[in-house]
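A.B. asks: with the sequence up front, the predicted model follows.
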Amino acid sequence: MQEYRIWECLVCGWIYDESKGAPDEGIAPGTRWEDIPSDWLCPECAVGKEDFEMIEVRRVAAPASAAAAEEKTTAAPSTEKTEEAEGNFQQIDYACAPIVIIGTGLAGYQLARELRKLDQRTPLVIISADDGNNYSKPQLSTAFHKQRTPEQLVSHTARQMATTLSAQVLTFTEVTGIDTANRCLTLKSGLQNQQLQYGKLVLALGSEPIEVTVGGNAAGCAFRINDLQDFQRFYTATSGVKSVLVIGGGLIGCEYANDLVQSGFEVHVVEPQAKPLGSLLPEKASELVEKSLAQAGVQFHLGTTVDSLEYCNGGVRATLANGVQLEVARVISAIGVRPRTALAKSMGIAVNRGIVTDRYLATGIEDIYALGDCAEVDGHNLCYVAPLMAGARALAHTLTGTPTRVAYDNMPVSIKTTLCPVTVSVPPRDAAGEWHYDRCDNQGVTARFTDAQGQLLGFALAGDACSQATHLSEQAPPIMQN
């Protein structure tokens, strides 16, 4: 019998079992974690190996052959169970003022994990406006095709997270005020109000969907899927229906279109730009995405917008600006998100596109920090996983007494349009340069954005060309230059 380890992605909960390997990813059964290449990425959410943690060690018989390995993979699971973490509440020094994190999304919980690696004594309070369950937001736009229910997307309950982190998790609790002079929060939970003192405060408020403005008596019917509860409502509402209109052909809209069309839905996408993903990709890469999704059945309505939504025959009739009318059962609004800044702004904390912070994630008010989608870090507001993870690691050191500046390396974004995968490193906003195509065919597109001197400033990969992502990322400049 050999001991094998099991590793869990902290972002999406994907599990790597050394005894089973990951055959779909080209990793043979029995492959040790340390023997997986350092540039390997999680197949679910594309984060790196550093964002995995070991969760279990168990003894299993080593597979004697590939056939035996396959048999073992499909066999009943081991009767050995992973013991639930007991937490270390007895080590907490309650004489200290707590670190308080507002938000239980990926930013809030990831910061808490990083904090507990460095400090097991300081009290930790995490405040959630919802049930506080831990789940992978990137998996919301792949759940239908993978046949995952909302309940199956939850990796840990709020109670489990509280135990694991030796923290107090306050669920269904709203922060209604911050008294920065006295370091005190006003909380509302149900009909009750209470005060909570903090030593250091982190705003991990996330982002909120941008509202779509349309006319008609069904103007408010569009689903905005920004969290698990939103997804639960949409998932329930799709029972027995088979047609969906997606308003928006950007990253979020294309991911949902990709997921739904592969799940048997008739899908329409309305996008004001001439091509899907037009703000992220050069023309030829956008065209390959459009062609791939259209071949699967997605019907694109480009260069137009939705004027009105009217209830009709148990569904919705959408009238587009170009005069086309579409009858569908359900509507998703996916025109983008913006940082949640209202709480910070009401408390006098500086806000621009996001909550303004320096490279230490510090706001202009002492001992108040911002992290994740809500933060504008040294001028950068990046609503993606990689910047968030880098920020959480740096901020944990700062909060535990070692001031650490966050550094964003080149961080390409992977878009989960599995019919035509996309990886893009967007050039700086005001960069002078042009797109050049190294490859452009029906299977893949490789495009590089270079300046007049030939310096690579960004790249876009579509289809099977995504295999070049690591190579190009190493050549592209970091997002933060120093």
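C.D. replies: Nice, I can see it. Just so we're clear, the structure is a prediction, and the values are computed from it rather than from any experiment.
A.B. asks: what helix or strand does residue 406 sit in?
C.D. replies: Assigned by DSSP states H and E, residue 406 belongs to no helix or strand.
A.B. asks: pull the residues that contact the helix or strand hosting residue 291.
C.D. replies: Using DSSP H and E, residue 291 falls within helix 283-296. The contact list for helix 283-296, computed with CB atoms under 8 Å, 6 or more residues apart in numbering, reads 254, 257-258, 261-262, 269, 275-278, 281, 300, 417, 419-420, 422, 424, 437, 440, 442, 444-445, 447, 460-463. Bear in mind the C-beta positions are built from the backbone N, C-alpha and C, glycine included.
A.B. asks: same question for stretch 138-158.
C.D. replies: Under CB under 8 Å, 6+ apart, the answer for stretch 138-158 is 8, 11-13, 44-45, 104, 128, 131-136, 164, 169, 171, 225, 227-228, 231-232, 235, 252, 255-256, 258-260, 262-263, 265, 385, 416, 418.
A.B. asks: distance from the chain centre to it, please.
C.D. replies: Taking the mean of its C-alpha atoms, stretch 138-158 sits 13 Å from the chain's own mean (CA atoms, centre = their mean, to the nearest Å).
A.B. asks: residue 431 contacts residue 458, correct?
C.D. replies: Yes. Using CB atoms under 8 Å, residue 431 is in contact with residue 458, at 7.4 Å.
A.B. asks: which one's more surrounded, the two?
C.D. replies: The neighbour count for residue 431 versus residue 458, taken as other CB atoms under 10 Å, is higher for residue 458 (22 against 14).
A.B. asks: quick one on the thing from earlier: pLDDT (mean, whole number) over the following helix or strand past the helix holding residue 291?
C.D. replies: Per DSSP H and E, the first helix or strand lying C-terminal to helix 283-296 is strand 299-302. Averaging pLDDT along strand 299-302 gives 98.
A.B. asks: what does strand 299-302 contact?
C.D. replies: 249, 266-271, 273-276, 290, 293-294, 320, 322, 324, 326.
A.B. asks: list the buried residues in stretch 224-231.
C.D. replies: Buried residues in stretch 224-231, counted by 16 or more other CB atoms under 10 Å: 224, 225, 226, 227, 228, 230, 231.
A.B. asks: check stretch 346-359 too.
C.D. replies: Under 16+ other CB under 10 Å, the buried positions of stretch 346-359 are 347, 349, 351, 354, 355, 356, 357, 359.
A.B. asks: would TSV of these with secondary structure be doable?
C.D. replies: Shown next, in TSV, are the buried residues of stretch 346-359 (DSSP: H, G, I helix; E, B strand; the rest coil):
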residue	secondary structure
347	coil
349	coil
351	strand
354	coil
355	strand
356	strand
357	strand
359	coil
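A.B. asks: among those residues, which two are most distant?
C.D. replies: Within the buried residues of stretch 346-359, 347 and 359 form the most distant pair, 22.1 Å apart (CB to CB).
A.B. asks: rewinding a little: buried ones among the contacts of strand 299-302?
C.D. replies: Buried among the contacts of strand 299-302 (16+ other CB under 10 Å): 249, 266-271, 275-276, 290, 293, 320, 326.
A.B. asks: helices along the stretch 1-150 of the chain, start to end?
C.D. replies: Taking DSSP state H, counting those that start in this stretch as the criterion, the stretch 1-150 of the chain carries its helices at 66-74, 106-118, 150-153.
A.B. asks: for the record, mean pLDDT for the first one?
C.D. replies: Here the mean pLDDT over helix 66-74 is 41, rounded to a whole number.
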